[in-house]
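K.L.:
My questions are about this predicted structure, shown below with the sequence.
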Amino acid sequence: MLGLFGMLLGLAVLIVLAYKGQSMMWVGPVAALTVALLGGLELLPAYTSTYMSGLVGFVSSWFPMFMLGAMFGKIMEVTGSAHAIARKLSGLIGAERAIIAVVISCGLLVYGGISLFVVVFAIYPIAISLFREANLPRRLIPGCIACGAFTFSMTAFPGNPQLNNIIPTRYFGTNAMSGAILGIVGGLIMMVGGIAWLTYRSKKMVAAGEHFDEPADLKEASAEEEPNVVMAILPLIVVVLVLNVLPMFVAFPDDMKSTYSIIIALLCGIALAAAFNFGRIKDVLKAINDGASSSVPAIMNTSAVVGFGSVVKAVPAFAILTEMVLSIQASPLISLALSVTLLAGATGSSSGGMGIALEALGANYMDLAATMNIDPGAYHRIASIASGGLDSLPHCGAVITLLAVTGMNHKKSYADIGMVTVVIPCIATVVVVALGMMGIV
């Protein structure tokens, strides 16, 4: 019980200090050592080995994507490409629909296979231009990006290549299109509900006198500086195409296929954007330099939180928590949803929580599927959607990255992030579980 209390206390420390704008570089270790102290681990090994292994492991896996994604986003910004795309979007759907444009843009990129971390860097400059033209408060941008990148496109809509939609295939013998009806219903709830909430919030903020506030590190490009919209958007299209087509022709190792693909895709996008703007080589080189520099604090703050999750999983109490969660006595669809979302919340990772739950009980659920005539596709889609609920609590690494990139903090922006990535997805999970129990898949 002391260990369970320690996990809750450490999480509370992490959340409270994050809300107060403190750096995760020291908050993460303090919260982790709180968990270790009350969880029965030796403090120094818990920090130097367990915590640092989690931190370093995340940096090792994700730094190339963070750095290249930041470079790509910065080039799109300084060359005027982001503003050209934003201007075109405004002309097509109206500047007043900036929220919809950001949400849908993020959703399309994530559904196209681009990592949500990369999408944050790539879409932020476009979002700034759209919000500037619509004169909407900048602190709403993180919620819009989170709605498009962290919810329906990542966990719900069938066919997407994100990890949340792939992990269940290993345990249930399903494919990326399984549970299509449940996925579409859940996805629409998250997308429409998220846009409705963000629109309501924007009107409330504007009525209270809030408007767009210019960020210190970005400037509005003039129309003369903008490239042709086709040349502006082509690098984005190339990134998506290379990411999805390259693995069909190149035999990458299975465990590195997605990593190698996104690295090459981003390099192609950067090279193309640089080539289109070769006459402004000084701007391009500055963007590459600034992007590389800005990626370091973003990934380190995220890694600091991942290290905390590593310590949480190492304390004996976590095994007790896992056993308690996985022994929930209810319909298999209900217990699966609860198990996945609670463990995702405890670890701050949607894929991590799902992996723990399915590794422990995936075979048991398949046995129940045979005896209770449950379609494995329902398991697949419910597990995927449920993974995207409590994972986005304030200690989530993706949330930390999003706030760092957009120059916001929890106090300014998390209320909207939490509504679109926690509250509404949990509602969607309840609905799809109910439909699954009715035999709809």
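P.N.:
Now that the structure is in, tell me what you want to look at. Numbering: from 1, shown residues only.
K.L.:
rest of the way, CA atoms for contacts and neighbours
P.N.:
Will do.
K.L.:
residue boundaries of the strands in the stretch 301-441 of the chain?
P.N.:
Counting by DSSP state E, counting those that start in this stretch, the stretch 301-441 of the chain has no strands to list.
K.L.:
so where's it uncertain?
P.N.:
326 (pLDDT under 70).
K.L.:
Let's see that with 50 instead.
P.N.:
Low-confidence segments of the stretch 301-441 of the chain (pLDDT under 50): none present.
K.L.:
With the stretch 1-150 of the chain instead?
P.N.:
Ranges of the stretch 1-150 of the chain meeting pLDDT under 50: none found.
K.L.:
show me the contacts for Asn277.
P.N.:
Thr79, Val284 (Cα atoms under 8 Å, 6 or more residues apart in numbering).
K.L.:
go again using 10 Å as the cut-off
P.N.:
Ile75, Thr79, Gly80, Ser81, Glu226, Pro227, Met231, Ala232, Ala271, Asp283, Val284 (Cα atoms under 10 Å, 6 or more residues apart in numbering).
K.L.:
again, but for Leu403
P.N.:
Val120, Arg139, Ile141, Pro142, Gly143, Ala298, Asn409, His410, Lys412, Ser413, Tyr414, Ile417.
K.L.:
how does it look with 6 Å?
P.N.:
By Cα atoms under 6 Å, 6 or more residues apart in numbering, Leu403 lies in contact with Asn409.
K.L.:
Check Gly397 too.
P.N.:
Thr302.
K.L.:
Now with 10 Å, please.
P.N.:
Counted by Cα under 10 Å, 6+ apart, Gly397 has contacts 117, 298-306, 309, 348-349, 391.
K.L.:
out of those residues, which one sits closest to Asn165?
P.N.:
Comparing those against Asn165 with Cα to Cα places Ser349 closest, at 14.2 Å.
K.L.:
residues contacting the closest one?
P.N.:
By Cα under 10 Å, 6+ apart, the contact list for Ser349 reads 306, 309, 341, 343, 355, 387-393, 395-398.
K.L.:
Look up how far Leu358 lies from the spatially most central residue of the chain.
P.N.:
With distances taken as Cα atoms, centre = their mean, the residue of the chain nearest its centroid is Phe150 (4.2 Å). Distance from Phe150 to Leu358, counting by Cα to Cα, to the nearest Å: 21 Å.
K.L.:
and what of Pro161?
P.N.:
19 Å.
K.L.:
Likewise for Phe121?
P.N.:
Phe121 is 31 Å from Leu358, by Cα to Cα.
K.L.:
Show me which of those two is the more surrounded one.
P.N.:
Neighbour count, other Cα atoms under 10 Å: between Phe121 and Leu358, Phe121 has more, with 26 against 22.
K.L.:
which ones are touching that one?
P.N.:
66-74, 76, 291, 295, 401-402, 405-406.
K.L.:
Gly377 is in contact with Gly173, correct?
P.N.:
Yes: taking Cα atoms under 10 Å as the definition, Gly173 is a contact partner of Gly377 at 8.8 Å.
K.L.:
These two: which is more packed in?
P.N.:
Higher neighbour count among Gly173 and Gly377: Gly377, with 25 against 12, using other Cα under 10 Å.
K.L.:
how many other residues sit next to Ala369?
P.N.:
What Ala369 shows, counting by other Cα under 10 Å, is a neighbour count of 18.
K.L.:
next one: the one 10 residues further on
P.N.:
By other Cα under 10 Å, 29 other residues sit near Tyr379.
K.L.:
same thing with Ile233?
P.N.:
For Ile233, using other Cα under 10 Å, the count is 17.
K.L.:
do the same with the one 5 residues further on
P.N.:
For Val238, the tally of surrounding residues (other Cα under 10 Å) stands at 17.
K.L.:
Assign it to helix, strand or coil.
P.N.:
helix (DSSP: H, G, I helix; E, B strand; the rest coil).
K.L.:
export the contacts of Gly397 to TSV and tack on distance to Ala251?
P.N.:
Conversion of the contacts of Gly397 to TSV gives the following (distance: Cα to Cα, whole Å):
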residue	distance to Ala251
Phe117	25
Ala298	32
Ile299	29
Met300	32
Asn301	34
Thr302	31
Ser303	30
Ala304	34
Val305	34
Val306	31
Gly309	33
Gly348	33
Ser349	29
Asp391	33
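K.L.:
What about the contacts of Ser349, which one has the most neighbours?
P.N.:
Ser387 (35 neighbours).
K.L.:
Report the two of the contacts of Phe121 separated the most.
P.N.:
Longest span within the contacts of Phe121, Cα to Cα: Met76 and Thr401, 19.1 Å.
K.L.:
Who has more neighbours out of the two?
P.N.:
Set Met76 next to Thr401 and count neighbours by other Cα under 10 Å: Met76 wins out with 31 against 23.
K.L.:
pretty sure that one is in contact with Leu234, am I right?
P.N.:
No: with contacts defined as Cα under 10 Å, Met76 does not count as touching Leu234, sitting 11.0 Å away.
K.L.:
Check the contact lists of those two and give me the overlap.
P.N.:
Gly269, Ala273.
K.L.:
element containing Ile85?
P.N.:
helix 81-93 (DSSP states H and E).
K.L.:
cool, Ser178 as well?
P.N.:
Here Ser178, judged by DSSP H and E, is contained in no helix and no strand.
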